[in-house]
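J.: what's the 3D shape of this:
(one chain, ligands or ions: 3)
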Amino acid sequence: MSEPREVTVLGSTGSIGRQAIAVARQNPGRLQVTGLAAGGGDVALLAEQALSLGVRTVAVARATAAQDLQLAFYAAAQQRGWAQGHYTLPEILAGPRAAEELAARPADVVLNGITGSIGLGPTLSALRAGRTVALANKESLVAGGELVKQAAAPGQLVPVDSEHSALAQCLRGGARGEVARLVLTASGGPFRGRSAAELAGVTREQALAHPTWDMGPVVTINSATLVNKGLELIEAHLLFDVPYADIDVVVHPQSIVHSMVTFADGATIAQASPPDMRLPIALALAWPDRLPDVQPALDWSQASTWEFMPLDSEVFPAVRLARQAGEAGGVVPALFNAANEEAVAAFAAGHLAFTAIVQVIARTLDAAPDLGAPTCVEDVLAAEKWAREHARVAIAGG
Ligand SMILES: NC(=O)C1=CN([C@@H]2O[C@H](COP(=O)(O)OP(=O)(O)OC[C@H]3O[C@@H](n4cnc5c(N)ncnc54)[C@H](OP(=O)(O)O)[C@@H]3O)[C@@H](O)[C@H]2O)C=CC1
Ligand SMILES: CC(=O)[C@@H](O)[C@H](O)COP(=O)(O)O
Ligand SMILES: [Mn+2]
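T.: Numbering: from 1, shown residues only. Ligands and ions are numbered 1, 2, ... in the order given. Prediction:
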């Protein structure tokens, strides 16, 4: 039997990170977590994860968290009844570039479960070090665009996002020349079916109540605005080299069909499973193999209904806007994402109305100078800086 794959989990304390660790714990013969990274918001959990998994290295973005983490290691060790001097603590990397450094350390797979385009550095670092990247952090691909693609050898970037995992499953073994269309499914979020007027006063709590998925706060709010689907449209174009004109979005409230591929002869292949991220995470970590018993399969003994309906782009213009940003190319998708990150933070803090999130993105893109195609990561960061500053002004202006 071959050795287990060594896995680095970036964003280990988050929704994706915790589920990735659960998958690895269930499959000790196949997966071994050897490195962890987090922001530093919950050092007690990070320390507990690190000691229970026996990882070599832990990275934490908040530089001042290093000492907290050290103390948390001792507390976790004591809780486990370990006698001082009889165990080795993991190496600690601390600071804003710690995840980037860890991503280049030896491992077979780096799972990027960080939220936001702050994940771009770690994605590029892992790819350039030759690691397979299991990518949940869609923002790094959207922001980095061609730079990320150029850094990735064929097969080096494996999708974790449920829709893109579904597309990869539908596409495998097939001839790419036979693909006619990609069809991304969208739950429609908690406000599906509402009019624009009905969205006016919605609250953070309402936006965080996703109908089908339990996820971190940013991706959940992005699902409510449909910005998540906009990001996923760009992600699909970049991952699968399919023109935007050949990628559709369809609303599917049950989130059971995770996406579909329509072929030249009129056949459509769909991937279906109950909404549970452990399946795409496990598949990405073990790709191309499937691990056993990752989640319960669909129960065909029960009657069920799957609905599909067009997206209301007048009430939810985010996908149309993302399509325009994607078609424009260059750094425009990075501007789209950066403006959204600022607007979502302002909405979550109670400083911006829900409907203004997409308006801030639109106003930022309208005002953007022609920044050309990025030739290096610094070009992307400069474009993002411009978009964040412009978005903050738009947010302050109401
Ligand atoms: N959750 C889901 O089901 C899905 C998520 N995704 C995508 O996966 C990504 C992660 O989402 P999710 O797990 O929900 O998010 P969470 O907010 O739950 O978790 C984010 C994680 O990233 C860590 N983090 C933040 N900044 C840094 C940094 N600079 N360096 C290292 N770690 C950092 C956080 O640590 P700390 O808390 O300490 O700051 C936390 O562990 C997003 O891109 C999302 O769009 C895609 C499909 C489904
Ligand atoms: C689970 C997952 O992949 C999320 O990105 C999901 O797509 C959110 O659902 P909707 O954006 O379709 O509401
Ligand atoms: Mn998704």
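
J.: what about the strands in the stretch 1-150 of the chain?
T.: 5-10, 31-38, 57-60, 91-94, 109-112, 132-135 (DSSP state E, counting those that start in this stretch).

J.: what strands line up against the third one, and which way round?
T.: For strand 57-60, the pairing partners within the sheet under DSSP bridges are strand 31-38 (parallel), strand 91-94 (parallel).

J.: quick one on the thing from earlier: which one of the strands of the stretch 1-150 of the chain lies nearest to ligand 1?
T.: strand 31-38 (3.9 Å; Cβ to the nearest ligand atom). Glycine gets a C-beta too; all of them are placed from N, C-alpha and C.

J.: any idea how far residue 76 lies from residue 105?
T.: Counting by Cβ to Cβ, to the nearest Å, the separation of residue 76 from residue 105 is 22 Å.

J.: ok, residue 169 next?
T.: Residue 169 sits at a distance of 30 Å from residue 105 (criterion: Cβ to Cβ).

J.: tell me both backbone torsions, phi and psi, for the nearest residue to residue 177 once chain neighbours are set aside.
T.: Once flanking residues are discounted, residue 177 sits nearest to residue 264: 8.0 Å by Cβ to Cβ, 6 or more residues apart in numbering. Residue 264 adopts backbone torsions of phi -60, psi -30, taken as degrees, to the nearest 10.

J.: get me the contact residues on this protein for ligand 1.
T.: Within reach of ligand 1 by Cβ under 6 Å from any ligand atom, the chain has these residues: 10-17, 37-42, 61, 99, 113-115, 118, 136-139, 161-162, 213, 215-216, 219, 277.

J.: just the buried ones from those residues?
T.: In the residues of the chain next to ligand 1, burial by neighbour count holds for 10-17, 37-40, 42, 61, 99, 113-115, 118, 136-139, 161-162, 213, 215, 219, 277, counting by 16 or more other Cβ atoms under 10 Å.

J.: tell me which of those fall in helices.
T.: Members of these lying in helices (criterion: DSSP state H): 15, 16, 17, 99, 138, 139, 162, 219.

J.: doesn't residue 229 make contact with the fifth one?
T.: No - taking Cβ atoms under 8 Å as the definition, residue 138 is not a contact partner of residue 229, at 10.9 Å.

J.: how's the protein carved up into domains?
T.: Per the record, the chain has its domains at 5-159, 329-398, by automatic domain parsing.

J.: is residue 250 in contact with residue 182, as I believe?
T.: No - the criterion here is Cβ under 8 Å, and residue 250 misses it with residue 182 at 10.9 Å.

J.: if you count surrounding residues, which of those two has more?
T.: Legend: neighbour count by other Cβ atoms under 10 Å for residue 250 and residue 182, higher for residue 182 (26 against 16).

J.: and the more buried one, helix, strand or coil?
T.: At residue 182 the chain is in strand, as set by DSSP: H, G, I helix; E, B strand; the rest coil.

J.: read off the pLDDT value for residue 1.
T.: Note for residue 1: predicted pLDDT of 64.

J.: just residue 88 next, same as before
T.: Here the pLDDT value assigned to residue 88 is 89.

J.: quick one, phi/psi of residue 330?
T.: phi 60, psi -130.

J.: burial of the closest residue to it other than its chain neighbours, as a residue count?
T.: Nearest residue to residue 330 in three dimensions, chain neighbours excluded: residue 373, at 4.4 Å (Cβ to Cβ, 6+ apart). The number of residues packed near residue 373 is 11, by other Cβ under 10 Å.

J.: before we move on, the earlier item: the residue nearest to residue 177 and residue 270: what is the separation?
T.: Distance from residue 264 to residue 270, by Cβ to Cβ: 17 Å.

J.: distance of the residue nearest to residue 372 when sequence neighbours are not counted from residue 289?
T.: In this structure, residue 372 finds its nearest non-sequential neighbour in residue 330, 5.9 Å apart by Cβ to Cβ, 6+ apart. Distance, residue 330 to residue 289, by Cβ to Cβ: 37 Å.

J.: dump the residue contacts of the closest residue to ligand 1 within the stretch 251-398 of the chain.
T.: In the stretch 251-398 of the chain, the residue that lies nearest ligand 1 is residue 277 (4.4 Å; Cβ to the nearest ligand atom). Contacts for residue 277 were tallied using Cβ atoms under 8 Å, 6 or more residues apart in numbering; they are 15, 16, 19, 160, 162, 213, 215.

J.: hang on, the earlier thing: might one say that the residue nearest to residue 372 is in contact with residue 375?
T.: No - in this structure, residue 330 is not within contact of residue 375 by Cβ under 8 Å, at 10.5 Å.

J.: quick one: which of the two has more around it?
T.: Neighbour tally, residue 330 and residue 375, criterion other Cβ under 10 Å: the higher count belongs to residue 330, 18 against 10.

J.: what about the closest residue to residue 94 other than its chain neighbours, neighbour count?
T.: Distances taken as Cβ to Cβ, 6+ apart put residue 66 closest to residue 94, at 3.8 Å, once the chain neighbours are dropped. Neighbourhood size, residue 66 [other Cβ under 10 Å]: 17.

J.: over to the one 4 residues further on?
T.: Here the number of neighbours of residue 70 (other Cβ under 10 Å) works out to 15.
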